[in-house]
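Asks: build me a model:
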Amino acid sequence: MKAIWNDQIIAESNKTIRIENNHYFPADSIKTEYFVDSDTHTFCPWKGEASYKSIAVNGETNIDASWYYPDPKNAAREIAGYFAFWRGVKIEDLGIYSCTGKCAAWICNFPLRSINRIFVHEIVFNTISYDSYCWKYEVFFA
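Replies: Numbers count the residues shown, from 1 in each chain. Sure, this is the predicted structure:
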């Protein structure tokens with residue numbers, strides 16, 4: 001997946017985690033030169049306290065356009081330190097996915113006739129929680 005704002009790629013990864021229709025990007029996939037600290041915080045009942053960053057590209061700033069959970073509740077520990085986006089940040093598909101237990105079913109949302117084939121690259125057991133696994137796969141559309 002790619003996160004793009006103001007015609008600039010600000011994050012890129014094939015290891016995003018999809019929760020509640022948001023792609024969370026690993027911290028090492030964001031281009032930190034475009035991220036500016038913010039004092040904004042919000043609270044989610046099951047994920048915990050979110051912190052925000054603004055995005056500055058080509059002289060323009062998108063205030064609080066990214067959020068992350070530095071210390072999430074146990075139910076969301078898999079996205080600790082991962083970044084999600086909104087406020088006009090465009091998310092584009094690279095065609096390679098990484099998905100853990102909570103979001104593995106999202107692929108079922110595609111109309112079956114639009115999927116040509118699915119190629120599984122690897123299946124990895126989650127060594128953090130020991131209760132789920134990770135699929136890395138590509139979806140080829142008809």
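Asks: enumerate the beta-bridge partners assigned to Ala50.
Replies: As for beta bridges, Ala50 partners with Thr42 under DSSP bridges.
Asks: isn't it up against His41?
Replies: Yes - taking Cβ atoms under 8 Å as the definition, Ala50 is a contact partner of His41 at 6.5 Å. Yep, even glycine has a C-beta here, placed from its N, CA and C like the rest.
Asks: those two - which one has more neighbours?
Replies: A side-by-side neighbour count of Ala50 and His41, using other Cβ atoms under 10 Å, places Ala50 first with 18 against 10.
Asks: list the contacts of the more buried one.
Replies: Counting by Cβ atoms under 8 Å, 6 or more residues apart in numbering, Ala50 makes contact with His41, Thr42, Phe43, Cys44, Trp67, Tyr68, Tyr69.
Asks: state the pLDDT value of it.
Replies: pLDDT for Ala50: 97.
Asks: distance of it from Phe43?
Replies: Applying Cβ to Cβ, to the nearest Å, one obtains 7 Å for the distance of Ala50 from Phe43.
Asks: got the contact list for Ser13?
Replies: Ser13 touches Met1, Phe25, Pro26, Ser29, counting by Cβ under 8 Å, 6+ apart.
Asks: got it, and Phe83?
Replies: Phe83 is in contact with Ala11, Tyr24, Phe25, Ala27, Ile30, Lys53, Ser66, Trp67, Tyr68, counting by Cβ under 8 Å, 6+ apart.
Asks: cool, thanks, signing off.
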